[in-house]
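Quick one: sequence plus predicted model below, questions after.
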Amino acid sequence: MIELKNVSKFYYGKDTVASGFSKVSLTLDMGEFVVITGESGSGKSTLLNVLSRVRYV
């Protein structure tokens, strides 16, 4: 199982802060297939990159 609660990703530049996504909560069960959809620039790839660094419970 993978569970995220109110996870946000921010990118920090020299004088700016940009949000990759804000306050995402989800639960993925073992063996479950999930589709992530959204407009270009909505944070899909960023979310997958964050998920790839999650420890499995």
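Right, received. Where do you want to start?

Could you use CA atoms for every contact and neighbour count after this?
OK.

and the worst-scoring helix or strand of the chain on mean pLDDT, which residues are buried?
The weakest-scoring helix or strand in the chain, judged by mean pLDDT, DSSP states H and E, is helix 44-51 (a mean of 90). For helix 44-51, the neighbour count (16 or more other Cα atoms under 10 Å) marks L47 as buried.

Stretch 13-32 too?
For stretch 13-32, a neighbour-count test (16+ other Cα under 10 Å) marks G20, F21 as buried.

Now the residue sitting nearest the centre point of the chain: closest residue in space, sequence neighbours ignored.
In the chain, the centroid-proximal residue (Cα atoms, centre = their mean) is L47; its distance is 2.5 Å. Computed as Cα to Cα, 6 or more residues apart in numbering, the closest residue to L47 that is not its neighbour in sequence is F21, at 7.6 Å.

One more: T27?
E3 (4.3 Å).

you'd agree the residue nearest to L47 is in a strand?
Yes: assigned with DSSP: H, G, I helix; E, B strand; the rest coil, F21 falls within a strand.

That one and G41 touch, don't they?
No: with contacts counted by Cα atoms under 8 Å, F21 stays clear of G41, the gap being 9.7 Å.

sorry, back to before: for the helix or strand containing the residue nearest to T27, name the packing helices and strands.
Secondary structure from DSSP states H and E places E3 in strand 2-12. Applying 3 or more Cα pairs under 8 Å, 6 or more residues apart in numbering; DSSP states H and E, we find strand 2-12 packed against strand 17-28.

mind exporting the strand it packs on as CSV, just the C-alpha atoms?
The C-alpha coordinates for strand 17-28 follow below in CSV (Å, rounded to 0.1, in the frame of the first residue of the first chain):
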residue,chain,number,x,y,z
VAL,A,17,8.8,29.5,-5.7
ALA,A,18,6.7,27.4,-8.1
SER,A,19,4.2,24.7,-7.1
GLY,A,20,4.5,21.3,-8.7
PHE,A,21,1.2,20.3,-7.0
SER,A,22,-0.4,21.0,-3.7
LYS,A,23,-2.1,18.9,-0.9
VAL,A,24,-2.5,15.7,-2.8
SER,A,25,-3.9,12.8,-0.9
LEU,A,26,-4.3,9.3,-2.2
THR,A,27,-4.2,5.6,-1.3
LEU,A,28,-2.9,2.9,-3.7
